[in-house]
Structure formats: C-alpha cells, structure tokens
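**Student:** Compute the structure for the input listed below.
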Amino acid sequence: MWLLRSSPLDLKALLWSKYWTGTVPLLVVAVLITFSTNVLLQASPVMMAVSLGTIVLLTFALSAMALGFGAYFPRFDTENAAQIPTGFGGMVFMMSAIVLLGVVMILEATPMLGFLKAQLQGYDPVPGPWMIGSLAGVVAICIAATIVPIRMGLRKVEGMEF
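**Tutor:** Sure thing, here's the model as predicted:
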C-alpha cells in the first residue's frame, strides 16, 4: 500500500480501475449464465428482461461492496490471503450482500408473482404501478449499493498514513 500511495497514480483512478477489472469478467459470466438458464427454462421476454437487469445491477453493486468494504476494513497483517474473507470486513460484506439480495428479492417477488399469475390464468399481463415502483426501488438500491461503499472505501484509503 505504501508503494501505491507513493506512486503518481491517483487513488480514485486506482480504485475504479480495480473495480472495473474485477466487475467486467464477473458481469460477463453472470449474464451468460442467466441468459442461458432463461433460454433453457423458456422464460417469457419480461422474465428474461427482469432477470438480466437484476443480475447486471446486482453484479455492479456486489462488486462495489466487496471493493469498498475491502478498502474500508483492510487487513495488512495477514500471512495468508485465505484469512482475508474471515476478517471483520469480509463478514460485514457477506452480511451486507445477503441483506441486499434479500431486499431485491422481496421487492421483485410480489409484482412478478402477480405478473406470472395473470399469465397463467390467460390474462394479458400488463406491468402495473407496483411492478414499475418495485423495479425502480431495486434500481435505486443497487445504485446506492454501488456508489456508497466505493466512496467510503476511497475516503478511508485517502486518510491512511503510511
């Protein structure tokens, strides 16, 4: 960390490059798995769009949370890289990730259940205000879960003395 801080590299650029370097491969894998699963399950176009949009938002948010909590709760004293996830920051990240997944599932479950019920009963399912509102809530929460942890981690790293 001392070497990175003494280099002419901006910490913000370093953090964001680390974010994109880790997020892009995860995003590719997540989208491929979600898309192929939806194709195998013969999901409707609406379900395909919702699941792909959700996985993209969650990938951005979870990657940012991992990087942000890692920067906020660093462990420089470990002898082994396998010890890092078992530290305080790793546990906070894992609990926060579970909470985020739970909130997203709760917000999307009821409107999507109504959509699927209408589809099974032969009605033409129309996205209503509940569905649009819950999806907007998911977008807002995932954007906040992307931006806030990275900003917190950046502030913490900028304040460190080496």
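
**Student:** Pull out the buried positions in the biggest helix by length in the chain.
**Tutor:** Longest among the helix segments of the chain by residue count, using DSSP state H, is helix 88-120. Residues Gly89, Gly90, Phe93, Ser96, Ala97, Leu100, Val104, Leu107, Glu108, Pro111, Met112, Phe115 are the ones in helix 88-120 that count as buried (16 or more other Cβ atoms under 10 Å). Backbone N, C-alpha and C define where each C-beta goes, glycine included.

**Student:** how close does Leu32 get to Cys142?
**Tutor:** 20 Å (Cβ to Cβ, to the nearest Å).

**Student:** Now the longest helix of the chain: average pLDDT?
**Tutor:** Averaging pLDDT along helix 88-120 gives 90.

**Student:** Specify the angle between the helix or strand just after that helix and helix 88-120 in degrees.
**Tutor:** Once the chain leaves helix 88-120, the next helix or strand it forms, by DSSP states H and E, is helix 129-158. With axes from the mean of the first three to the mean of the last three Cα atoms, to 10 degrees defining the directions, helix 129-158 sits at 170 degrees from helix 88-120.

**Student:** Tell me which other helices or strands helix 129-158 touches.
**Tutor:** Counting contacts by 3 or more Cβ pairs under 8 Å, 6 or more residues apart in numbering; DSSP states H and E, helix 129-158 is packed against helix 11-40, helix 45-72, helix 88-120.

**Student:** Just want the angle from the second one to helix 88-120.
**Tutor:** Using the same axes, to 10 degrees, the inter-axis angle of helix 45-72 relative to helix 88-120 is 170 degrees.

**Student:** I'd like to know which elements helix 45-72 is packed against.
**Tutor:** Judged by 3+ Cβ pairs under 8 Å, 6+ apart, helix 45-72 is in contact with helix 11-40, helix 88-120, helix 129-158.

**Student:** got TSV for those helices, with distance to Gly53 too?
**Tutor:** Formatted as TSV, the helices and strands packed on helix 45-72 follow (distance: least, Cβ to Cβ, whole Å):
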stretch	distance to Gly53
helix 11-40	10
helix 88-120	10
helix 129-158	8
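
**Student:** nearest to Ala61, of the ones you listed?
**Tutor:** Of all those, helix 129-158 sits nearest to Ala61, with 3.8 Å by Cβ to Cβ.

**Student:** Can you check the pLDDT for Leu40?
**Tutor:** Leu40 carries a pLDDT value of 97.

**Student:** gap between it and Thr59?
**Tutor:** As judged by Cβ to Cβ, Leu40 and Thr59 stand 20 Å apart.
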